[in-house]
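Undergrad: Curious how this folds, go ahead:
(chains A and B)
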Amino acid sequence: MSGGPKGGGGPLLAWACIMLALGAMLAIWSEGDASSLLFLVGAIPLLALSGWNRARPAPGGPRLLARVSVPVVVTALGATLAAIGLTGGLWLILVGGEVALFGLVWLAREVTLERRGVGR
Amino acid sequence: MAGSAPVAVDADRGAALERGFAWLAATDHKKTAAKVGIASLFFFGLSGLLALTMRAELAQPGLQFVSDHTYDELFTMHGSGMIYLFLTPAALGLGLYLVPLQIGASEIAAPRLALFGFWIYLAGGLTMYSGFFTNSGAGDDSWTATIPLSNSTGSPGVGMDLWVIGVALAVLGSLLIGICILLTILRLRAPGMTMLRMPVFSWTMLATVFMVVASFPVLVVAMGLLLAERHLGGVFTGSTGSIVYQHLFWFYGHPVVYVMFFPFVGAVGEAVATFSRKRFFGYRALVVSLLFFTALSMAVWGHHMFITGAVRNQYYSLTSQLLAVPAGIEYLDLIATMIGGAIVFRAPMLFALGFILQFLLGGLTGIILASPPLDYHVNGSYFVVAHFHYTLFAGSLFGLLAGLHFWFPKATGAMLRERLAKVSFWVLMVGANLTFFPMFFLGYDGMPRRVPDYEPRLGDLNLLATIGAGVIALGVLLVLINLFVSLRRREPAGNDPWGAQTLEWWTTSPPPRDNFTSLPEITSYAPLLDRLEAAEEERERRGAEVPA
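TA: Sure, this is the predicted structure:
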C-alpha cells in the first residue's frame, strides 16, 4: 500500500467555512455580540483537524494492535474517581489520580511493546 | 474421581470469566459498539421506567404518589438519561459499529480512545443515576440545568453535583467516540472508497461527528464552570450570568438533537433504498444538503432563548426556518427513492416509514416554534414536549429500530422474527401517537411542562397519554422479546439476507475480527448493487448472443 486515503479534509474545510460565515453573519447582525464567538470554538478544531489530515496523511498498511487493553479501563476508572472527587473530597481526587496515573504508565508500556513488535 | 467434575466446571467458569473480562476491555470496534449499545439500552430502560412513573402520576389531576420534588427528579433524570445516555450514545454506537464496515476499514481509528470513551460514558451515566442514593436526591433541575436553579442555592446537595459530573463524563465519552469515527472516515477508507463513494449512512455519520466535535466540548466546559459556580461561586453571576450559561448550554443543546437524528436518517435511507430495490435518489444532493443542514443546525441555538429577549430573534428565526430547505431535500430523496421501486414491506422498511411519517410531524411543529410570536405562546408548555417527542421518540427511536432490524442479522448472524417485529411496530405506532399527539392540544390549552399536577379540565387528554405510554412499554417489551428469542433460537442470516447495496453486506455475518478477508471493486456508494447490475447486464448480453 502506498498510503492511506486522501481528500477527506475537503468536507471538513467546507463545513468549517460555512460555520465561520454563519458566525460572521451573526456578529454583524447582533452588532458584535460575544455569542457569535461560539462559532469560532466550533470551527477551530475542525480547521485544525483538516490541516493536520492534509499535513500528515494516514500511513496506510496494517497496524499491530493489542486486542485487549486493560490499562485503558483502569485509566478510565481512575479518571472517573478523580472527577467524582471534585464533590467527594480531595482524598478521592488523589486516589483516582493515582489509579489513572498507574493506568497511563501501564498503557505507555503496552504501546511500547506493540511498537517493538512492529519493529521486529 | 468424584472431585473431577467440579474442577472442570470451575475451569469452564474461569475461562468464561476471562472471556467476559477480555470482552469488556476489547479494542475491536464491533465489541466496543456492542458495549455502547447494551449500556444505552440499559439507560433507556431506566429512563423509560421514570417516564412511566411520571405518566402514572399524571393520569389524574392532583398529586397521586410522588411529591413535587420527586417529580422534579423524575423528569430531570428521564430527560437526561434519554438524551445524554441513550439516544446520543446509541447513535454514535451505531456509527462505531458500521462506519468501518461501510468504508472497507479493518478497524476503527484510535480504538483505545473509543474504548476509553465507552468507559467514561458508562461511568458518567452511573454517576448521574447514583444521585438517587444520596440524601438530597438526584439532579432535579431538568436536563438543561438552567442557572440560577442549578446553582448551590437553587439545587443544594451532592446529588446535583453528581449529575453535573456525570453529564460532563458522559458527554466527554460520546465526544471521544465521535472523534474516532471522524478519524476513521478521514484516514482509513479502503482503496477506491472516495468521499463521494461513501454510503448514505456513513455520510450522515460524518455530518453527525462534525457537530459532535464542534459542540460537545462546549458542554463539557459549561459543566466544569457550573460545578465551579456551585462550589466557588462568581462564575454565572450578575444580570447576564444565566444568559451566558444558556448560550453555552444551547450551543450544545440544539446540535445534539441532530446528533440524535442524522444517523437514523442514514439508517432509514439505507433501508428505503434496499427495500425499494433501487439506487438512492439524489445522492449528491443529499451530501450537500447534509453539510448545510449540520452547519445551520449549529446556528439555531438562540431559538431556545427567544423569550429571554437577550438574543437577536430575527437571526435565529431565519436560520431555524432555513432548516426546512435541507430537510425538504432529504425527504424528497427518501420519497423519490421509493417512487417506482419494487417496495418490500419487511420490518426495517415499516420502521423506516414510521420514522418518515412521524418525524414529519415533529419537524413541521418545529417550524411553529421557530417563529418568535408563536413560540412566546407555547414556550414551556406541553406543545414543546409533544414536538420534541415526535422528533426524538416517534422519529429517532423509530429510525434506530429501523437500523436495528436492518443490521441485526449482520451483527449477530441471526434473523429477527419478522411477525413479532411487525406486531411490535404497530404497537409502537399506536402507543407513540396515543401518547404524544394529545400533548399538542394540552400545550396549546396552556398545560405547562414539568408539573405533577394540572387543571381538572385537562384530565381526559392526560389519561389518554398515560394509556399510550403503557402501550409504548408493551411495544418495547415485544422488541426485547424478539431480540431475546432470535438470539436464543437462531435462524441463520447469511452474508446478505436483504439483497442490500453497501459494503458491510459483503463480509460474513457476524463480521470477522478484521472485518474483511477480501473487498470487491468499489466504483460507487453501492458496490454490491453495482456487481448485481453488472452481472445482470452480462447475463442479458450472453442471452442476446446465444440465438445469434
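Undergrad: Now do the same contact list for the residue nearest the centre of chain B.
TA: Central residue of chain B (C-alpha atoms, centre = their mean): B:Leu87, 3.3 Å from the mean position. Taking C-beta atoms under 8 Å, 6 or more residues apart in numbering or on different chains, we find B:Leu87 in contact with B:40, B:260, B:392, B:396-397, B:400. C-beta: built from backbone N, CA, C; applies to glycine.
Undergrad: pretty sure B:His389 contacts B:Phe436?
TA: Yes - the pair B:His389 / B:Phe436 is scored as a contact, 4.6 Å apart, by C-beta atoms under 8 Å.
Undergrad: These two: which has the busier surroundings?
TA: Here B:His389 and B:Phe436 are set side by side on neighbour count (other C-beta atoms under 10 Å in any protein chain shown), and the busier one is B:Phe436, at 25 against 22.
Undergrad: Report the separation between that one and B:Thr391.
TA: 10 Å (C-beta to C-beta, to the nearest Å).
Undergrad: again with A:Leu22
TA: Distance, A:Leu22 to B:Thr391, by C-beta to C-beta: 22 Å.
Undergrad: So for the longest helix seen in chain A, mean pLDDT?
TA: The longest helix of chain A (DSSP state H) is helix A:90-119. For helix A:90-119, the mean per-residue pLDDT is 91.
Undergrad: Tell me how far it lies from the chain's centre.
TA: 17 Å (C-alpha atoms, centre = their mean, to the nearest Å).
Undergrad: is that helix anywhere near chain B?
TA: Yes - interface with chain B: helix A:90-119 contributes A:Leu107 (C-beta under 8 Å from any C-beta of the partner chain).
Undergrad: Tell me the buried residues in the helix or strand containing B:Leu227?
TA: Taking DSSP states H and E as the definition, B:Leu227 sits inside helix B:200-231. By neighbour count with 16 or more other C-beta atoms under 10 Å in any protein chain shown, helix B:200-231 contains the buried residues B:200-220, B:222-227, B:229-230.
Undergrad: can you give me the offset of that helix from its chain's centre?
TA: Centre to centre, stretch against its chain (C-alpha atoms, centre = their mean), the figure for helix B:200-231 is 15 Å.
Undergrad: Confirm for me that B:Phe388 is in contact with B:Val257.
TA: Yes - taking contacts as C-beta under 8 Å, B:Phe388 lies within contact range of B:Val257: 7.5 Å.
Undergrad: contacting residues for B:Thr502?
TA: B:102, B:199, B:201, B:270, B:525-528.
Undergrad: how does it look with 7 Å?
TA: For B:Thr502, the residues meeting the contact criterion (C-beta atoms under 7 Å, 6 or more residues apart in numbering or on different chains) are B:102, B:199, B:270, B:526, B:528.
Undergrad: Select from the residues you listed every entry located in helices.
TA: Per DSSP H, the contacts of B:Thr502 map to helices at B:102, B:270, B:528.
Undergrad: and the first one, how far is that from B:Leu96?
TA: In this view, B:Gln102 and B:Leu96 are 12 Å apart by C-beta to C-beta.
Undergrad: ditto for B:Gly154
TA: 37 Å.
Undergrad: Ok, B:Ile472 next?
TA: 27 Å.
Undergrad: Could you pull up the residues touching B:Thr274?
TA: Contacts of B:Thr274 (C-beta under 7 Å, 6+ apart): B:498-501.
Undergrad: Hmm, B:Pro409 is touching B:Met415, no?
TA: Yes - the pair B:Pro409 and B:Met415 passes the contact test of C-beta atoms under 7 Å, sitting 5.3 Å apart.
Undergrad: Name the next helix or strand downstream of the helix holding B:Leu227, please.
TA: Next in line after helix B:200-231, if elements are assigned by DSSP H and E, sits helix B:241-253.
Undergrad: What's the per-residue pLDDT of A:Arg56 here?
TA: 79.
Undergrad: Likewise for B:Leu122?
TA: In this model, B:Leu122 carries a pLDDT of 98.
Undergrad: just B:Leu397 next, same as before
TA: In this model, B:Leu397 is scored at 95, pLDDT.
Undergrad: Could you measure from it over to B:Leu487?
TA: B:Leu397 is 21 Å from B:Leu487, by C-beta to C-beta.
Undergrad: Only the buried residues of stretch B:40-58, if you could.
TA: The neighbour-count check on stretch B:40-58 (16+ other C-beta under 10 Å) flags B:40, B:42-44, B:46-48, B:50-55, B:57-58 as buried.
Undergrad: can you check stretch A:98-106 too?
TA: A:99-100, A:103-104, A:106.
Undergrad: can you redo these as TSV with distance to B:Trp301?
TA: Listed next are these as TSV, based on distance: C-beta to C-beta, whole Å:
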residue	distance to B:Trp301
A:Val99	37
A:Ala100	33
A:Gly103	36
A:Leu104	36
A:Trp106	41
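Undergrad: returning to what we had before: filter the contacts of B:Leu87 down to the ones in helices?
TA: B:40, B:400.
Undergrad: In the contacts of B:Leu87, find the pair that's most separated.
TA: B:Ser40 and B:Leu392 (13.8 Å; C-beta to C-beta).
Undergrad: Compare B:Leu397 and B:Leu487 (neighbour count), which wins?
TA: B:Leu397 (27 against 13).
Undergrad: now the more buried one: how far from B:Leu41?
TA: 12 Å.
Undergrad: re the thing from before, just curious, which of the buried residues of stretch B:40-58 is nearest to chain A?
TA: B:Phe43 (16.1 Å; C-beta to the nearest C-beta).
Undergrad: hey, C-alpha coordinates of stretch B:310-323 in CSV?
TA: Extracted in CSV, the C-alpha atoms of stretch B:310-323 (Å, rounded to 0.1, in the frame of the first residue of the first chain):
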residue,chain,number,x,y,z
ALA,B,310,-31.3,38.6,25.0
VAL,B,311,-30.8,37.2,21.5
ARG,B,312,-31.2,38.5,18.0
ASN,B,313,-34.5,36.8,17.3
GLN,B,314,-34.5,37.6,13.6
TYR,B,315,-31.2,35.8,13.0
TYR,B,316,-32.2,32.7,14.9
SER,B,317,-35.7,32.6,13.4
LEU,B,318,-34.2,32.9,9.9
THR,B,319,-31.7,30.1,10.4
SER,B,320,-34.3,27.9,12.1
GLN,B,321,-36.8,28.4,9.2
LEU,B,322,-34.0,27.7,6.7
LEU,B,323,-33.6,24.2,8.2
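Undergrad: What about B:Val164, how many residues nearby?
TA: 28.
Undergrad: I'd assumed B:Met223 was in contact with it.
TA: Yes - between B:Val164 and B:Met223 there is a contact under C-beta under 7 Å: 5.2 Å.
Undergrad: Now do the shared contacts for the two.
TA: Contacts common to B:Val164 and B:Met223, judged by C-beta under 7 Å, 6+ apart, are absent.
Undergrad: which residues touch B:Gly224?
TA: Contacts of B:Gly224 (C-beta under 7 Å, 6+ apart): B:Ala168.
Undergrad: which ones are touching B:Leu227?
TA: Taking C-beta under 7 Å, 6+ apart, one finds A:86, B:161, B:164-165 in contact with B:Leu227.
Undergrad: Among the residues you listed, which one sits closest to A:Ser69?
TA: For the contacts of B:Leu227, the nearest to A:Ser69 is B:Ile165 (24.7 Å; C-beta to C-beta).
Undergrad: State the mean pLDDT of the helix or strand hosting the closest one.
TA: Following DSSP H and E, one finds B:Ile165 within helix B:158-187. Per-region confidence: helix B:158-187 scores 96 on mean pLDDT.
Undergrad: And for stretch B:20-39?
TA: Mean pLDDT, computed over stretch B:20-39, is 94.
Undergrad: Check stretch B:382-392 too.
TA: 96.
Undergrad: Output that stretch as CSV, restricted to C-alpha atoms.
TA: What follows is stretch B:382-392, C-alpha atoms only, in CSV (Å, rounded to 0.1, in the frame of the first residue of the first chain):
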residue,chain,number,x,y,z
TYR,B,382,-46.7,20.5,26.6
PHE,B,383,-46.7,21.6,23.0
VAL,B,384,-42.9,21.7,23.2
VAL,B,385,-43.0,18.3,24.9
ALA,B,386,-45.1,16.9,22.1
HIS,B,387,-42.8,18.5,19.4
PHE,B,388,-39.6,17.0,20.7
HIS,B,389,-41.1,13.6,21.5
TYR,B,390,-42.3,13.4,17.9
THR,B,391,-38.8,14.2,16.7
LEU,B,392,-36.9,12.1,19.2
